[in-house]
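Enquirer: Provided below for reference: sequence and predicted model.
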Amino acid sequence: MKFSVLTIFPEMVNAFAQYGIIRRAVESGRIAVDAIDIRDFAEGRHRVTDDRPYGGGSGMVMKPEPLAKAIESARRENPESPTILLTPQGRPFDQQTAESLARCKGLVFVCGRYEGIDERICESYIDEEISIGDYVLTGGELAAMVIIDAVTRLVPGTLGNEASAASDTFSDDLLEHAHYTRPPIFENNAIPEVLLSGNHSAIEAWRLESSLIRTFLKRPDLMETRRLDHREKEILKKWMRHLETLIGG
Ligand code: 6GU
């Protein structure tokens, strides 16, 4: 998977690609992260990439010519890859979008700065607009990095353990179960005994219960849309009986 990131701050993206799982994915050749400086495609001695908005008003707009040239160049290197603009006006990014982007050969990201980019670029050069949430950032770079991070861990081989992506929070609309490691007692607080039992089916049942209850408590909105299977209903009924005993006395 090749990610090309068009930005006026390529060093932000290069720094990001030097750590942890992203670095290892680059080193193993499973992904490539290519930060392209839009300024390299700007004309004139000062290689200006922005200008004042027509009609007046505050803020600057990214000029169309350098962006168009940078996008054309990235596309030549990266055929069959959608060009994605990062903007708070885009479609909200989620795990499902990450899964669908992970099936692409490559992705070309355009990071806007200032007030935005010339609308004619959006119309003629952009395939998709994506936002990472309902808040405003100073530029698209962090959003591009968020998306690259989420997509990379779905590329086969990058996590070293394919099971861990499948059991992720959101991959089945449930939050992850609680995790514990040594020591068995920390500040007088013991881990759940079942985890020491060596009984794998009991551990699996405990983990499902942990996932369900955590989702119910922390993200009840995720439960609204999700269908419960028989086992999950039985777990919730057990908790309901428990609560009724506590209340009813
Ligand atoms: Cl993709 N870009 C900017 N500038 N702000 C954002 C965003 C993107 N997503 C949420 N806020």
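Expert: That came through, no problem. Numbers count the residues shown, from 1 in each chain.

Enquirer: Tell me the secondary structure of the nearest residue to Gln89 once chain neighbours are set aside, please.
Expert: Spatial nearest neighbour of Gln89, chain neighbours left out: Glu129 (6.2 Å); criterion: CB to CB, 6 or more residues apart in numbering. Every residue, glycine included, has its C-beta placed from N, CA and C. Secondary structure, DSSP: H, G, I helix; E, B strand; the rest coil: Glu129 is strand.

Enquirer: Give me every residue in this protein lying close to the ligand.
Expert: Leu86, Thr87, Pro88, Ser131, Ile132, Gly133, Tyr135, Val136, Leu137, Gly139, Gly140, Ala143 (CB under 6 Å from any ligand atom).

Enquirer: Which strand or helix spans Arg231?
Expert: Counting by DSSP states H and E, the element that carries Arg231 is helix 230-248.

Enquirer: Would you mark the buried spots in that helix?
Expert: Of the residues in helix 230-248, Glu232, Ile235 count as buried by neighbour count, 16 or more other CB atoms under 10 Å.

Enquirer: Run through who's touching that helix.
Expert: Contacts of helix 230-248 with the rest of the structure, by CB atoms under 8 Å, 6 or more residues apart in numbering, involve Leu208, Glu209, Leu212, Ile213, Phe216, Leu228.

Enquirer: so which of these is the most crowded?
Expert: Neighbour tally across the contacts of helix 230-248 (other CB atoms under 10 Å): the maximum, 22 neighbours, falls on Leu212.

Enquirer: Taking their axis directions, the helix or strand harbouring that residue and helix 230-248 sit at what angle?
Expert: For Leu212, the host element (DSSP H and E) is helix 200-218. If you take axes from the mean of the first three to the mean of the last three CA atoms, to 10 degrees, helix 200-218 sits at 60 degrees to helix 230-248.

Enquirer: now for helix 200-218, which elements pack on it?
Expert: helix 220-224, helix 230-248 (3 or more CB pairs under 8 Å, 6 or more residues apart in numbering; DSSP states H and E).

Enquirer: Let's have those helices in CSV, adding mean pLDDT.
Expert: Below are the helices and strands packed on helix 200-218 laid out as CSV (pLDDT from 0 to 100):
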stretch, mean pLDDT
helix 220-224, 94
helix 230-248, 96
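
Enquirer: who wins for proximity to Arg103 among those?
Expert: helix 220-224 (24.0 Å; CB to CB).

Enquirer: Report the distance from stretch 115-129 to the chain centre.
Expert: Its chain's C-alpha centre and that of stretch 115-129 lie 22 Å apart, by CA atoms, centre = their mean, to the nearest Å.

Enquirer: ok, Gly57 - contacts?
Expert: Contacts of Gly57 (CB under 8 Å, 6+ apart): none.

Enquirer: How about Ala102, nearest residue that isn't a chain neighbour?
Expert: Nearest to Ala102 is Leu154, by CB to CB, 6+ apart, at 4.0 Å.

Enquirer: can you check Arg226 too?
Expert: In space, Arg226 is closest to Asp173, 4.6 Å off (CB to CB, 6+ apart).

Enquirer: Could you pull up the residues touching that neighbour?
Expert: Asp173 makes contact with Thr215, Leu222, Thr225, Arg226 under the criterion CB under 8 Å, 6+ apart.

Enquirer: Run a quick neighbour tally on the first one.
Expert: If you count neighbours by other CB under 10 Å, Thr215 ends up with 20.

Enquirer: how about it, what does it touch?
Expert: Thr215 sits in contact with Asp173, Leu174, Leu175, Leu222, Met223, where contact means CB under 8 Å, 6+ apart.
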